[in-house]
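Visitor: missing the sequence, but the structure's below:
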Ligand SMILES: Nc1ncnc2c1ncn2[C@@H]1O[C@H](COP(=O)(O)OP(=O)(O)OP(=O)(O)O)[C@@H](O)[C@H]1O
Ligand SMILES: [Mg+2]
């Protein structure tokens, strides 16, 4: 028979070493350190008012993080993002699948989605305030608007992209439309759907902060606005970093789910970044 | 290797084409393009017979397979499996395509089990049966591998195992070894011969290669431009082997005869 198969166990320590000490990790770390060093140097030279250096951002963080006010800001912002993202994910995937499987649905929804895709959502926020007031609702709606179109479009693309020759093979075995959908279309579309969710997660965070900035008094976006009004660049930086952390960890979670789900088969999921 | 082969009867049905016609229609701008892929084609493949179809590219070979597999409705005539006209994909036929068409997210075993899953066979039964056919094509050690971890020849074996696992009455093969290198191709031919001697199912085998058709078939249909031009019986003893055919002068005769018929089929005026 062609090729013999041999199996070997990789030790725990070796596995850990590979994960932590790869060349890529090292390069990433160096880049990060260089950026921080340059930022510190420029910041010290220009002064806090123009660009707060990392050291003063850190001392701001030490002051802010223990306060109850900070955690309540964080809580309200994060809850809104999560809520909006979940709604966008569920609705977006459903609509994308609907468009991908029904020609009528695609005909009706395509212009709407195309329009939604190009409209600057930020421009909608003032309207949302008029419609929904200043509570949580308009912020969640803003998050949904920011995130949903990417998700719809990628899901639609993925479903439509289902391999025609694979469908033929499975159909030739007498698969029903439903079986075809479950066994070929969905697994084939999953990489697209997850890509959409990852982009959607990042856009959800942006949506929230933009909405809060325009609201002027809520959540982390509101805090950024207030700090900027008081010329506290260190605080602005601090909150921007917090937003970044929320964003990264959020799409990280999506990516983790994606990895666990499709670890084995897709090339791109084998090697960790 | 001795998997429990066939208990249920396979190949108890014949396949017959009755004035089969297929006309593809396409509109390009203001022009309507009609392609007559098949024109009143009639032939019969007896139960348990191995029939090859050869012919130049574009003469309608794949179209016959797609109609027989129920993937396409003919525009005229009928194709029957046993007494019944094929109107859609059915459980009597199984098809091996030119590209193996494996689902990349399923292991070898799960790919082979797919048609059984579609047919609603229980989890344990289908795993056992799939394993049996994976072994039959010599891939036992690779049950847990994913398609991209296999060579082209091995992928094609999986495609064959998947079709056989259905225990079809009629096995349809559309240039199944067309993408393989010469050595893998020979191996697959030998393998197919061995398996077919055991299972004796009805086979329609599409190919470009004359030697392949002679080695495998009881009869060869020569097609040209949407029609069957000739039928040639291959009266060579079975079980066959490549070596045997090489030393048999009838092989050469058949080869030159088929070569001539193919030349005519290619459109050179008779
Ligand atoms: N879906 C289709 N739409 C339009 N024309 C088609 C379609 N499928 C096949 N044809 C045409 O029908 C004819 C026969 O095609 P078919 O695929 O059966 O050829 P073939 O004998 O299998 O060729 P090859 O040996 O290259 O595989 C060709 O001229 C092809 O262009
Ligand atoms: Mg073909």
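Guide: Nice, I can see it. Source: prediction; values computed, not measured. Ligands and ions are numbered 1, 2, ... in the order given.

Visitor: contacting residues around residue A:39?
Guide: A:51, A:53, A:54 (C-beta atoms under 8 Å, 6 or more residues apart in numbering or on different chains). In this view, the C-beta of every residue, glycine as well, is placed from N, C-alpha and C.

Visitor: All the helices of the chain, residue numbers only.
Guide: You didn't pick a chain, so chain A it is. Here chain A has its helices, by DSSP state H, at A:12-20, A:23-46, A:54-64, A:68-101, A:103-118, A:125-132, A:136-160, A:164-172, A:177-180, A:186-215, A:219-229, A:233-262.

Visitor: ah, no, chain B please
Guide: B:61-68, B:108-118, B:123-136, B:152-165, B:182-199, B:210-216, B:242-246, B:249-265.

Visitor: okay, the helices of chain A, which one's buried deepest?
Guide: helix A:136-160 (a mean of 25; mean count of other C-beta atoms under 10 Å in any protein chain shown).

Visitor: is any part of it close to chain B?
Guide: No. In terms of C-beta under 8 Å from any C-beta of the partner chain, no part of helix A:136-160 sits within range of chain B; the closest distance is 13.4 Å.

Visitor: Stretch A:166-174 too?
Guide: Yes. Against chain B, stretch A:166-174 shows contacts by C-beta under 8 Å from any C-beta at A:166, A:168, A:169, A:170, A:171, A:172, A:173, A:174.

Visitor: would JSON lines of the helices of chain A with mean pLDDT be doable?
Guide: Converted to JSON lines, these look like this (pLDDT from 0 to 100):
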{"stretch": "helix A:12-20", "mean pLDDT": "78"}
{"stretch": "helix A:23-46", "mean pLDDT": "89"}
{"stretch": "helix A:54-64", "mean pLDDT": "87"}
{"stretch": "helix A:68-101", "mean pLDDT": "93"}
{"stretch": "helix A:103-118", "mean pLDDT": "90"}
{"stretch": "helix A:125-132", "mean pLDDT": "87"}
{"stretch": "helix A:136-160", "mean pLDDT": "92"}
{"stretch": "helix A:164-172", "mean pLDDT": "89"}
{"stretch": "helix A:177-180", "mean pLDDT": "91"}
{"stretch": "helix A:186-215", "mean pLDDT": "90"}
{"stretch": "helix A:219-229", "mean pLDDT": "86"}
{"stretch": "helix A:233-262", "mean pLDDT": "88"}
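
Visitor: Ok, which of the ones you listed comes nearest ligand 1?
Guide: helix A:164-172 (10.8 Å; C-beta to the nearest ligand atom).

Visitor: outside of that closest one, which residues touch it?
Guide: A:179-180, A:183-185, A:188, B:69-71, B:89, B:93-95, B:97, B:99, B:101, B:103, B:114, B:118.

Visitor: try 7 Å
Guide: Contact partners of helix A:164-172, identified using C-beta atoms under 7 Å, 6 or more residues apart in numbering or on different chains, comprise A:180, A:183, A:184, B:69, B:71, B:89, B:95, B:97, B:99, B:101, B:103, B:114.

Visitor: As TSV, the helices of chain B with mean neighbour count would be great.
Guide: Formatted as TSV, the helices of chain B follow (neighbours: other C-beta atoms under 10 Å in any protein chain shown):
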stretch	mean neighbour count
helix B:61-68	24
helix B:108-118	24
helix B:123-136	18
helix B:152-165	24
helix B:182-199	16
helix B:210-216	22
helix B:242-246	13
helix B:249-265	15
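
Visitor: Using a markdown table, lay out those together with distance to chain A.
Guide: Output for those, formatted as a markdown table (distance: least, C-beta to the nearest C-beta, whole Å):
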| stretch | distance to chain A |
| --- | --- |
| helix B:61-68 | 8 |
| helix B:108-118 | 4 |
| helix B:123-136 | 11 |
| helix B:152-165 | 6 |
| helix B:182-199 | 8 |
| helix B:210-216 | 20 |
| helix B:242-246 | 19 |
| helix B:249-265 | 27 |
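
Visitor: Now mean pLDDT too, for the ones you listed, in TSV please.
Guide: What follows is the helices of chain B, written out as TSV (pLDDT from 0 to 100):
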stretch	mean pLDDT
helix B:61-68	94
helix B:108-118	94
helix B:123-136	92
helix B:152-165	92
helix B:182-199	89
helix B:210-216	94
helix B:242-246	87
helix B:249-265	88
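
Visitor: ok, residue B:96 touching residue B:175?
Guide: No. Using C-beta atoms under 7 Å, residue B:96 is not in contact with residue B:175; the gap is 9.2 Å.

Visitor: what about the two, which has more around it?
Guide: When neighbours are counted by other C-beta atoms under 10 Å in any protein chain shown, residue B:96 and residue B:175 differ, and residue B:96 comes out ahead with 27 against 20.

Visitor: quick one: contacts for the more buried one?
Guide: Contacts for residue B:96 (C-beta under 7 Å, 6+ apart) come out as B:159, B:160, B:163, B:173, B:176.

Visitor: Would you mind giving the domain segments of chain A?
Guide: Using automatic domain parsing, the domain parsing of chain A gives A:1-46, A:54-272.

Visitor: between the helices of chain A, which one is nearest to residue B:219?
Guide: For residue B:219, the closest of the helices of chain A is helix A:164-172, at 24.1 Å, according to C-beta to C-beta.

Visitor: ok, residues contacting stretch B:251-265?
Guide: B:54-56, B:210-211, B:214, B:220, B:222-224, B:229-230, B:232, B:234, B:245, B:270.

Visitor: could you redo the last one with a cut-off of 10 Å?
Guide: By C-beta atoms under 10 Å, 6 or more residues apart in numbering or on different chains, the residues outside stretch B:251-265 that reach it are B:52, B:54-56, B:59, B:208, B:210-211, B:213-215, B:220, B:222-225, B:227-236, B:240, B:244-246, B:248, B:270.

Visitor: Just the ones of those residues in strands?
Guide: Applying DSSP state E to those, the entries found in strands are B:52, B:54, B:220, B:222-224, B:227-233.
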